[in-house]
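Peer 1: Need a 3D model of the following:
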Amino acid sequence: MGREASDSLPDLFRFSSGQPVRGRSDWELRRRELRDLIVNLEYGGLPPVPAWTRWEELHSAACQSVPGARFVSCRVMTGPQRPFSFLLYLLIPPGKGPFPVVLNGDGCWRCVTEEVAAEVLGRGCILAQFNRVEIVPDTPHGDRTSGLYRVYPEGTYGALAAWAWGYHRCVDALSAMDCVDTGRIAVGGHSRGGKTTLLAGATDERIALTSANNSGAGGAGCYRCQGPDSERLEDSLRVFPYWYGPQLKEFVHREKELPFDQHFLKALVAPRALLTTEALGDHWANPTGTWQTHQAACEVYRFLQAEQRIGIYYRPGGHAHGLEDWRILMDFLDWQFAGRPRRHDFAANPFPELPRAFSWRAPTGS
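Peer 2: Okay, here's the model as predicted:
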């Protein structure tokens, strides 16, 4: 296992001291180092974990579009110091349960369509949804006087970290519900929501499956490997500086000096299930760079003997999160959670002409 070239992706299996990772015990130490590095430098750290999270049911009704299914609205509450609350909505399939859950925080953009809801319920899963901007706002002026910012004003965390905290608190609440199979909780999101789910899944080992759709810069994309017309670090920070931690701006035009790239974030999910879904025409989300971080993260899954737990899927088209994307996620979930036959090749290379962006490989042995 050699050192990476100066213009390639940083080595996942070499400590910041330069020492190599030789086995699994080393990897656990390296994983901790990776988490501290990328979570703090890129995202400004995470908000504090509250002493408790509780939930209360606000309303329950029959789901008209799926016979036998139920709609439940809940309030998620944290405390006792610095109390905070937000809403969580569940669609629960017919049957006794407990059921797997797909948790989506993109309610600020739009709640899923009836077709998507029927797809999730039809696979025997709970669909849980919340509005991530109830946690902190997503506004150009980056106001830090409302939402969680008011509760924890001393933090340097950006909006992506706050939204990931919202996913974690939903997992707290879901884990206390009798209808939930706590070992099969999946999180998903699109675009900035996909950036959020990658961070949420990387930093909470209770999340069994992490999925990000068209997440691009700050998500599944790559800062060093940029495809044509793709979003760069300077683009993201110019328009959305409040998504990130304050230190990240120091690396604008210095991406090759970053001590990480987004394969570090993906590696933190291992060996739990990870799916990235991409669109070949969504150049802004850097589909070629996403393939490079995927290949690099695969080395960790290979090292942990979990190669079947990581997948990527490319479709034609542009930046969207439609029924086809959801069906791909549910097919991957069926394969991972229920052992059903794999319906797609989740390792297909759409860019065979693209040279690999790293020269290192996973160490052999344990």
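
Peer 1: which helices and strands does the lengthiest helix in the chain pack with?
Peer 2: If you go by DSSP state H, the chain has its longest helix at helix 24-43. Based on contacts counted as 3 or more C-beta pairs under 8 Å, 6 or more residues apart in numbering; DSSP states H and E, the elements that helix 24-43 packs against are helix 159-175, helix 192-202, helix 262-269. All C-beta spots, glycine's among them, are computed from the backbone N, C-alpha and C.

Peer 1: Can I get it as CSV, trimmed to CA atoms?
Peer 2: Listed next in CSV are the C-alpha coordinates belonging to helix 24-43 (Å, rounded to 0.1, in the frame of the first residue of the first chain):
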residue,chain,number,x,y,z
ARG,A,24,-9.1,-3.7,12.3
SER,A,25,-8.0,-2.4,15.7
ASP,A,26,-6.0,0.3,13.9
TRP,A,27,-9.1,1.1,11.7
GLU,A,28,-11.2,1.9,14.7
LEU,A,29,-8.7,4.5,15.8
ARG,A,30,-8.4,5.8,12.2
ARG,A,31,-12.2,6.0,11.9
ARG,A,32,-12.3,8.2,15.1
GLU,A,33,-9.6,10.4,13.5
LEU,A,34,-11.5,10.7,10.3
ARG,A,35,-14.7,11.6,12.1
ASP,A,36,-13.1,14.3,14.2
LEU,A,37,-11.4,15.7,11.1
ILE,A,38,-14.2,15.9,8.6
VAL,A,39,-17.1,16.6,10.9
ASN,A,40,-15.4,19.5,12.7
LEU,A,41,-13.5,21.1,9.8
GLU,A,42,-16.2,20.7,7.1
TYR,A,43,-19.4,20.9,9.0
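
Peer 1: what's the angle from that helix to helix 192-202?
Peer 2: Between helix 24-43 and helix 192-202, the angle comes out at 150 degrees (axes from the mean of the first three to the mean of the last three C-alpha atoms, to 10 degrees).

Peer 1: Name the surrounding residues that touch helix 24-43.
Peer 2: Among residues not part of helix 24-43, those counted as contacts by C-beta atoms under 8 Å, 6 or more residues apart in numbering are 12-13, 15-16, 20-21, 45-46, 157-158, 160-161, 164, 199, 202-203, 218, 244-245, 247-248, 259-260, 264-265, 267-268, 300, 303-304, 366.

Peer 1: swap in stretch 166-185?
Peer 2: Taking C-beta under 8 Å, 6+ apart as the rule, stretch 166-185 contacts 49-50, 53-55, 74, 76, 78, 86, 88, 92, 97-101, 103, 105, 126, 128, 130, 132, 134-135, 187, 196-197, 200, 203-204, 206-209, 337.

Peer 1: mind redoing it with 7 Å?
Peer 2: Under the contact criterion C-beta atoms under 7 Å, 6 or more residues apart in numbering, stretch 166-185 has outside partners 53, 55, 74, 76, 78, 86, 88, 92, 97-101, 103, 105, 126, 128, 130, 132, 135, 187, 196-197, 200, 204, 206-208, 337.

Peer 1: So which of those residues are in helices?
Peer 2: Secondary structure assignment by DSSP H places 196-197, 200, 337 of these in helices.

Peer 1: Most neighbours of all the residues you listed, which one?
Peer 2: For those, counting by other C-beta atoms under 10 Å, the largest number of neighbours falls to residue 196: 32 neighbours.

Peer 1: show me what contacts the closest residue to it other than its chain neighbours?
Peer 2: If you skip the residues right next to it in sequence, residue 196 has residue 163 as its closest partner in space, 4.3 Å away by C-beta to C-beta, 6 or more residues apart in numbering. Applying C-beta under 7 Å, 6+ apart, one finds that residue 163 lies in contact with 105, 132, 135, 196.

Peer 1: Out of these, which two sit at the greatest distance?
Peer 2: Of all pairs drawn from those, the one with the longest distance (C-beta to C-beta) is 135 and 196, at 9.8 Å.

Peer 1: now the helices for the stretch 251-366 of the chain?
Peer 2: 262-269, 287-303, 323-338 (DSSP state H, counting those that start in this stretch).

Peer 1: Can you tell me which helices and strands the longest one packs against?
Peer 2: So the one you mean is helix 287-303. Identification of packing neighbours for helix 287-303 by 3 or more C-beta pairs under 7 Å, 6 or more residues apart in numbering; DSSP states H and E yields helix 262-269, strand 273-279, strand 310-315.

Peer 1: Residue 27: neighbouring residues, count only.
Peer 2: Other residues within reach of residue 27 by the criterion other C-beta under 10 Å amount to 22.

Peer 1: any idea how far it lies from residue 20?
Peer 2: 11 Å (C-beta to C-beta, to the nearest Å).

Peer 1: Need the residues touching each of these two.
Peer 2: Counting by C-beta under 7 Å, 6+ apart, residue 27 and residue 20 have no common neighbour.

Peer 1: ok, back up a step: can I have the buried ones of the contacts of stretch 166-185 as a ChimeraX selection?
Peer 2: The following ChimeraX command selects only the buried members of the contacts of stretch 166-185, with burial defined by 16 or more other C-beta atoms under 10 Å:
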select :53,55,74,76,78,86,88,92,99,100,101,103,105,126,128,130,132,135,187,196,197,200,204,207,208,337
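
Peer 1: Nothing else from me, thank you.
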